[in-house]
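Enquirer: could you look at this predicted model? Sequence included:
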Amino acid sequence: MRTDSSPQTIFRKDYTVPAYLVDTVELGFDLDPDRTIVANRITMHRNPASKGRDIVLHGEEIELVQLRLNGKLLAASQYRLTPTSLTIPKAPAEVVLEIESLCAPVKNTSLSGLYVSNGNFFTQCEAEGFRRITYFPDRPDVMAKYTVMLRADKARYPVLLSNGNLIEEGELGDGRHYAKWEDPFKKPSYLFALVAARLVCQEERYTLQSGREVLLQVWVEEGNLDKTDYAMQSLKNSIRWDEERFGLELDLDRFMIVAVGDFNMGAMENKGLNIFNTKYVLANSRVATDVDYAGIEAVVGHEYFHNWTGNRVTCRDWFQLSLKEGLTVFRDQEFSADMIGTDTGRAVTRIDQVRTLRQAQFPEDAGPMAHPVRPDSFVEINNFYTVTVYEKGAEVVRMYQTLLGRDGFRKGMDLYFERHDGQAVECDDFRAAMADANGRDLTQFERWYSQAGTPVVTASTRYDVAARCYEITLSQHCPATAGQPDKLPFHIPVAVGLLDADGKDLPLRLDGAPSPKHAPTTVVLELTQATQTFRFKGIAAKPTPSLLRGFSAPVVLEYDYTDAELLHLFSHDSDPVNRWEAGQRLAMERLLVLTSAVAAGDTLALDDTFIAAFRNVLTDDTLDPAFRELALILPSETIIAEQVAVVDPQAIHGARQFMRRTLGTALREELLAQYHANQTPGAYSPDAVSAGKRALKNLALAYLLVAPQEADLALARQQFEQATNMTDRAAALSALIHSGADASASLASFYADFEQEALVIDKWFAMQAAAPGTNVAAVRQLMQHPAFTLKNPNRARSLLFNFANANPPQFHAADGSGYDFWAEQVIALDKINPQVAARLARSMDRWRRYVPALQVHMRHALERVAACAKLSNDVLEVISKALS
Ligand code: PHE
Ligand code: ZN
């Protein structure tokens with residue numbers, strides 16, 4: 001039997017329009033960490049599109065002080081108050097509500113709503129945090145104009161910020177001051193933000209292409225003012241890029257980025273006042289790696305681009321989350337690629353995206369939390385900020401561009417804004433804009449939004465010498481997912497090319513299609529049925545097919561490649577993504593054989609052909625170092641695990657380590673040569689070329705340190721000590737830790753050098769957590785370190801998440817100790833921060849695929865969490881789906 005408090009599932013099909021719409025919101029805050037008073041004056045009117053007459057406001061963890069309707073104080077009998085709502089039945093058509101309530105920011109460890117971080121006030125309202133600040137119809141289809149008055153102690157909180165423009169500020173006496181902000185744009189409540197803090201800023205006046213001048217600010221704690229340049233530069237680049245690529249201009253006079261050390265996610269696109277995890281703002285060469293710099297550029301871009309895709313046009317309901325997130329991830333991906341500018345640079349970013357999909361999204365799509373890009377139901381919306389909604393959603397947007405071309409895609413974007421600026425809309429509206437602007441029927445394309453699971457495309461080919469015709473037959477199927485046993489065919493763009501015996505691209509003439517004067521070398525086949533055959537004419541000899549070029553769709557592509565064909569593609573494919581892919585396939589085939597061999601206790605061997613192919617790529621100086629680095633990274637243990645029927649994590653680890661060791665030994669001279677050839681002397685620069693060199697050099701070092709000679713260890717120690725940037729320092733330290741050599745002295749000196757830099761200490765924990773020599777006992781030891789705390793999400797992630805997700809041989813220890821530890825930490829974290837706890841809970845998603853002996857322990861750990869008396873909905877949803 002369900003009790004009242006058991007979590008409710010919310011369904012997309014149950015959407016109803018709001019009964020009341022809000023015109024204006026005036027908020028007054030008397031900020032105090034223990035007792036903040038929030039005065040909220042809302043003018044609202046009945047929605048003509050609704051029959052409802054009750055005003056329903058959300059409210060959580062706040063205390064109602066008093067309530068007035070059209071000037072009259074309401075008695076408790078005139079409204080209904082529950083722990084999550086405030087209902088005023090049968091209200092008049094025009095209403096002014098005045099609500100006073102209290103909250104306690106310092107006690108708010110969930111980091112949703114109004115909270116305190118390092119003594120400063122911040123808010124986080126997406127998805128449903130505004131209701132933890134005041135009573136409100138906290139749903140994205142209620143858009144209103146906001147005015148905000150902030151009052152706080154001036155010495156402690158000299159900076160008072162909110163959305164939009166500062167219209168007034170002054171003194172209040174008794175040491176307090178105030179600031180009044182007005183946001184000229186209507187917005188949903190999830191985009192509200194305030195900051196009251198002791199912070200400083202780097203600021204700049206910036207001229208838009210239209211000639212209008214805007215004020216840009218990056219706000220940080222005082223000691224971090226030497227780490228804001230890159231975020232500021234990235235912001236300016238983002239503004240310029242959105243003008244040029246999409247004709248979209250910054251609509252405010254002032255745009256602020258604020259960094260906070262305690263944050264659940266990466267960053268938040270609050271209107272004009274983006275709040276960022278420090279990880280995605282702070283950088284200089286001493287503390288940040290190349291990967292950190294790239295992350296800052298991407299996230300600054302992402303949040304800025306939300307101003308149009310998310311804020312000006314927002315989501316009707318949270319099921320439509322990918323409308324803004326998939327589109328905005330696509331936009332930030334394109335931005336990062338354009339910032340590098342070269343074709344191989346673009347390809348390198350694309351390969352990175354493919355790796356993320358395979359590492360995280362494909363497993364999600366095949367696991368207990370599988371959901372469509374536009375989910376049909378959820379218990380806790382916070383659990384649906386997923387790689388499916390974000391990264392697969394971005395792939396879905398990319399497919400429009402692949403199908404319609406860049407210009408067609410731009411036309412669709414233009415029409416989308418023309419139709420929907422200022423509205424809260426659905427994924428279907430975006431698809432309709434793309435279709436209508438291009439006169440295309442995209443009805444079937446809807447299935448990318450409604451069907452979960454990763455489609456499998458199987459290719460077969462036939463060459464007819466006499467007819468000089470090459471046939472490609474493509475079939476598709478999609479595995480069943482929870483609640484979706486049968487799937488209908490998707491509309492899949494499959495980009496293909498054909499290579500001749502010299503590795504050159506053949507000109508392509510598709511049978512039945514008009515023949516352009518200059519035949520293209522890549523064509524996009526549109527697979528819409530279960531099976532289709534495509535014929536290429538005028539093919540003089542049997543070619544090698546390059547299928548799914550550029551990873552043109554988020555699918556698994558199956559084709560019976562011979563080793564010879566893969567080697568051919570690995571050396572010649574003009575499509576860098578497929579060139580990389582051929583190497584991954586060569587490696588994967590062998591890794592699967594090796595995994596079985598490890599499990600069976602057989603002797604292990606790696607063929608010379610494979611080693612030679614890797615040697616060729618490693619030493620091919622015509623190839624971009626960034627590309628070579630990616631080509632030489634073996635598929636991860638997680639990705640290998642997805643390819644086998646029953647997962648034996650120790651066997652997979654053993655197989656991959658064997659391959660790394662064998663390559664490291666066989667290519668020792670070449671690795672050393674590349675190590676020395678790819679040094680980046682002189683002043684540090686995070687540009688893609690320098691970063692690519694460092695990546696290749698540090699990958700070479702890592703290979704050398706799998707089975708190091710004394711000279712290799714010395715080389716790593718020297719790099720660690722003499723590094724002039726964090727990329728090289730961290731890479732050397734990580735390689736030393738992973739080598740199994742005694743790294744304690746290096747770890748100690750690293751800690752001493754960076755004790756004051758929280759983000760670097762996160763790396764210190766993370767590197768140790770992921771090292772195969774770090775067992776549960778060692779992680780428990782690290783938790784005792786004075787710098788460790790579960791309360792800070794970055795710190796919790798650095799140690800616990802890295803252990804659970806990036807250290808398979810130890811997490812999956814045969815005695816189940818890793819899982820027991822996991823259960824303990826999920827339960828402990830849930831009491832502090834349910835959102836972070838639920839993310840850690842997801843580490844057990846794939847438990848049913850492991851060898852029976854491990855499954856027993858995993859089930860036990862899951863049940864232990866499930867049996868906990870007071871679980872959040874967040875964790876409960878994840879655990880019950882895993883067990884169901
Ligand atoms: N909307 C944010 C982004 O994608 C992510 C976020 C969600 C941040 C929820 C905080 C809370 O940029
Ligand atoms: Zn986003």
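Expert: Cool, the structure landed. Ligands and ions are numbered 1, 2, ... in the order given.

Enquirer: the helix or strand where M256 lies and ligand 1 in contact?
Expert: Using DSSP states H and E, M256 maps to strand 254-260. No. Using Cβ under 6 Å from any ligand atom, strand 254-260 stays clear of ligand 1, with a minimum separation of 11.1 Å. C-beta: built from backbone N, CA, C; applies to glycine.

Enquirer: could you say what helices and strands that strand packs with?
Expert: Packed against strand 254-260 by the contact rule (3 or more Cβ pairs under 8 Å, 6 or more residues apart in numbering; DSSP states H and E) you find strand 120-124, strand 213-220, helix 229-246, strand 273-277, helix 290-305.

Enquirer: got the CA coordinates for stretch 728-737 in CSV?
Expert: The C-alpha trace of stretch 728-737 is given here as CSV (Å, rounded to 0.1, in the frame of the first residue of the first chain):
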residue,chain,number,x,y,z
ASP,A,728,52.3,18.8,-17.2
ARG,A,729,52.5,18.7,-13.4
ALA,A,730,49.3,16.8,-12.9
ALA,A,731,50.0,14.4,-15.8
ALA,A,732,53.4,13.5,-14.3
LEU,A,733,51.9,12.9,-10.9
SER,A,734,49.1,10.9,-12.2
ALA,A,735,51.4,8.7,-14.3
LEU,A,736,53.6,8.2,-11.2
ILE,A,737,50.6,7.2,-9.0
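
Enquirer: what segments of the stretch 301-450 of the chain are strands?
Expert: Assignment of strands within the stretch 301-450 of the chain using DSSP state E, counting those that start in this stretch yields the ranges 314-315, 377-378, 424-425.

Enquirer: can you report how many residues lie near K537?
Expert: 16 (other Cβ atoms under 10 Å).

Enquirer: ok, it to S460 distance?
Expert: Here the distance between K537 and S460 works out to 19 Å (Cβ to Cβ, to the nearest Å).

Enquirer: give me the residue from the stretch 401-550 of the chain nearest ligand 1.
Expert: A424 (15.2 Å; Cβ to the nearest ligand atom).

Enquirer: revised request: answer the last question for the stretch 451-600 of the chain.
Expert: Nearest to ligand 1, among the residues of the stretch 451-600 of the chain, is P554, at 19.0 Å (Cβ to the nearest ligand atom).

Enquirer: next one: the chain
Expert: For the chain, Cβ to the nearest ligand atom, closest residue to ligand 1: M265, 3.5 Å.

Enquirer: got the confidence number for that residue?
Expert: At M265, the pLDDT value in this model is 98.

Enquirer: next up, the contacts around it.
Expert: M265 makes contact with N277, Y385 under the criterion Cβ atoms under 8 Å, 6 or more residues apart in numbering.

Enquirer: could you give the secondary structure assignment for it?
Expert: coil (DSSP: H, G, I helix; E, B strand; the rest coil).

Enquirer: low pLDDT regions in the chain?
Expert: Filtered on pLDDT under 70, the chain yields the residue ranges 1-5.

Enquirer: what does it put close to ligand 1?
Expert: Within the chain, the positions adjacent to ligand 1 are Q124, E126, A127, N264, M265, A267, M268, E269, H302, E303, E325, Y385 by Cβ under 6 Å from any ligand atom.

Enquirer: how many neighbours does the fourth one have?
Expert: Read it as N264. Residues near N264, counting by other Cβ under 10 Å, number 21.

Enquirer: which residues in the stretch 101-250 of the chain form strands?
Expert: For the stretch 101-250 of the chain, applying DSSP E, counting those that start in this stretch gives strands covering 113-117, 120-124, 143-153, 159-162, 165-173, 176-188, 194-197, 200-207, 213-220.

Enquirer: if I look at the residue in the stretch 51-200 of the chain that ligand 2 sits nearest to, how far off is H857?
Expert: When distances are taken as Cβ to the ion, the stretch 51-200 of the chain reaches nearest to ligand 2 at E126, 8.8 Å away. Remark: distance between E126 and H857 (Cβ to Cβ) = 37 Å.

Enquirer: distance from the centroid: which residue in the chain tops it?
Expert: Distance from the centre of the chain peaks at A466, with 50.7 Å (Cα atoms, centre = their mean).

Enquirer: picking up where we left off before, tabulate the residues of the chain next to ligand 1 (JSON lines), appending distance to F255.
Expert: Shown next, in JSON lines, are the residues of the chain next to ligand 1 (distance: Cβ to Cβ, whole Å):
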{"residue": "Q124", "distance to F255": "19"}
{"residue": "E126", "distance to F255": "18"}
{"residue": "A127", "distance to F255": "23"}
{"residue": "N264", "distance to F255": "23"}
{"residue": "M265", "distance to F255": "20"}
{"residue": "A267", "distance to F255": "13"}
{"residue": "M268", "distance to F255": "14"}
{"residue": "E269", "distance to F255": "11"}
{"residue": "H302", "distance to F255": "14"}
{"residue": "E303", "distance to F255": "10"}
{"residue": "E325", "distance to F255": "20"}
{"residue": "Y385", "distance to F255": "24"}
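
Enquirer: show me which residues of the stretch 251-400 of the chain sit near ligand 2.
Expert: Contact residues (Cβ under 5 Å from the ion) of the stretch 251-400 of the chain with ligand 2: E325, T328.

Enquirer: now do the contacts for K186.
Expert: Residues near K186 by Cβ under 8 Å, 6+ apart: M143, A144, K145, G422.

Enquirer: ok, W822 next?
Expert: Applying Cβ under 8 Å, 6+ apart to W822 gives the contacts A804, F811, L840, S843, M844, A861.

Enquirer: among these, which ones are buried?
Expert: Neighbour-count burial (16 or more other Cβ atoms under 10 Å) applied to those gives A804, F811, L840, S843, M844, A861.

Enquirer: find the nearest non-adjacent residue to the third one, please.
Expert: Spelled out, that is L840. Distance criterion Cβ to Cβ, 6 or more residues apart in numbering; nearest residue to L840, sequence neighbours excluded, is V826 at 5.3 Å.

Enquirer: next one: the first one
Expert: Once flanking residues are discounted, A804 sits nearest to S843: 3.9 Å by Cβ to Cβ, 6+ apart.

Enquirer: that neighbour reaches A806, doesn't it?
Expert: No. Using Cβ atoms under 8 Å, S843 is not in contact with A806, being 10.2 Å away.

Enquirer: got the angle between the longest helix that the chain contains and helix 229-246?
Expert: If you go by DSSP state H, the chain has its longest helix at helix 393-420. If you take axes from the mean of the first three to the mean of the last three Cα atoms, to 10 degrees, helix 393-420 sits at 60 degrees to helix 229-246.
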